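Novice: how does the following fold in three dimensions:
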Amino acid sequence: MSVGVIIQARMGSTRLPGKVLMPISGKALLDHVLGRLSLLNFPVTVVVATSGLPQDDAIALHCLSRGVKVFRGSETDVLDRYYQCARECGFAHVVRLTADNPFTDMEELRRLIDIHLAQHNDYTHSFGAMPLGVGAEIFTFAALEKSAREGHASNHREHVNEFIQENPGSFKICALEVAATKRRPDLRLTVDTKDDYRRACAIAGHDPDRWIGTEEAIRLCSHSA
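Specialist: As a prediction, the model looks like this:
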């Protein structure tokens, strides 16, 4: 039973162009996402899925220089990019991460995978309670394939999980319960704006030699508020 982690990445962000390769505490933002996976303690294959546009060649070269597998597909049809990547790699389950979230909680991601597999869920997520950008999601290949086959609306093609979320009667869905100490949905630990970027630099720069955990990131945000 293969579990793959597909990290979607592109240079063409509207609000912060090129953000995935911008430096945060001495490393590219994308390298924070990749490096933090060393804490997962679960066997996964990691693939960065970017577009085939020339502007995303920099992402492909960055990954290949680090020995990270790259898949290239549609820029706008992200659902198809995920589906084709998972099909080519033979993944039975797919963890979806994005290259603009440098503080994904790996302890909770491990719990997410364990519960998803043990309960035979179609889709399991940890969104809504922790700071924005810390949660993650995992779906079966069958659920991804059904989404790609039946999700025709523009939002379904742009956002990989929205066909599943809009059709809860067709999928077995579970939301992960997280510790109260990690529940701060009002905080942003994603990188979508210049303010987000400055915040991420401050948190990661607090100790560049280790991966800052969720509770500590929350404390650092609170102290700087």
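Novice: how about residue 177, what does it touch?
Specialist: Not one residue lies near residue 177 by Cβ atoms under 8 Å, 6 or more residues apart in numbering. Just so you know, the C-beta spots here come from the backbone N, C-alpha and C atoms, and that holds for glycine as well.
Novice: where does it sit: helix, strand or coil?
Specialist: Classification of residue 177 using DSSP: H, G, I helix; E, B strand; the rest coil returns coil.
Novice: residue 164 in helix, strand or coil?
Specialist: helix.
Novice: just give the nearest non-adjacent residue to the residue nearest the centre of the chain, would you?
Specialist: In the chain, the centroid-proximal residue (Cα atoms, centre = their mean) is residue 97; its distance is 1.4 Å. In this structure, residue 97 finds its nearest non-sequential neighbour in residue 7, 4.7 Å apart by Cβ to Cβ, 6 or more residues apart in numbering.
Novice: which residues does the one you found contact?
Specialist: 30, 33, 34, 46, 47, 48, 49, 97, 98, 99.
Novice: keep only those of those that are in helices.
Specialist: Judged by DSSP state H, the contacts of residue 7 include 30, 33, 34 as members of helices.
Novice: from those residues, which single one is nearest residue 182?
Specialist: Checking the ones in helices among the contacts of residue 7 against residue 182 with Cβ to Cβ, the nearest one is residue 33 at 18.7 Å.
Novice: how deep is that closest one tucked in, by neighbour count?
Specialist: 23 (other Cβ atoms under 10 Å).
Novice: so who does it touch?
Specialist: Contacts of residue 33 (Cβ under 8 Å, 6+ apart): 7, 97, 98, 99, 101, 102, 104.
Novice: nearest to residue 69 among those?
Specialist: Taking Cβ to Cβ as the measure, residue 69 lies nearest residue 7 of the contacts of residue 33, at 10.3 Å.
Novice: alpha carbons of the helix or strand containing the closest one, as CSV, please.
Specialist: Using DSSP states H and E, residue 7 maps to strand 3-8. Taking C-alpha atoms only, strand 3-8 is exported to CSV below (Å, rounded to 0.1, in the frame of the first residue of the first chain):
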residue,chain,number,x,y,z
VAL,A,3,1.5,6.5,0.3
GLY,A,4,2.7,9.4,-1.8
VAL,A,5,3.2,13.0,-0.8
ILE,A,6,2.5,15.4,-3.7
ILE,A,7,3.5,18.9,-3.1
GLN,A,8,2.0,21.4,-5.5
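Novice: what strands line up against that strand, and which way round?
Specialist: Using DSSP bridges, strand 3-8 pairs in its sheet with strand 45-51 (parallel), strand 93-98 (parallel).
Novice: now tabulate the ones you listed in CSV and tack on distance to residue 177 and mean pLDDT.
Specialist: Formatted as CSV, those follow (distance: least, Cβ to Cβ, whole Å; pLDDT from 0 to 100):
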stretch, distance to residue 177, mean pLDDT
strand 45-51, 26, 98
strand 93-98, 18, 98
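Novice: quick revisit: now the residue nearest to residue 97: how far from residue 138?
Specialist: 13 Å (Cβ to Cβ, to the nearest Å).
Novice: nice, that's everything, thank you.
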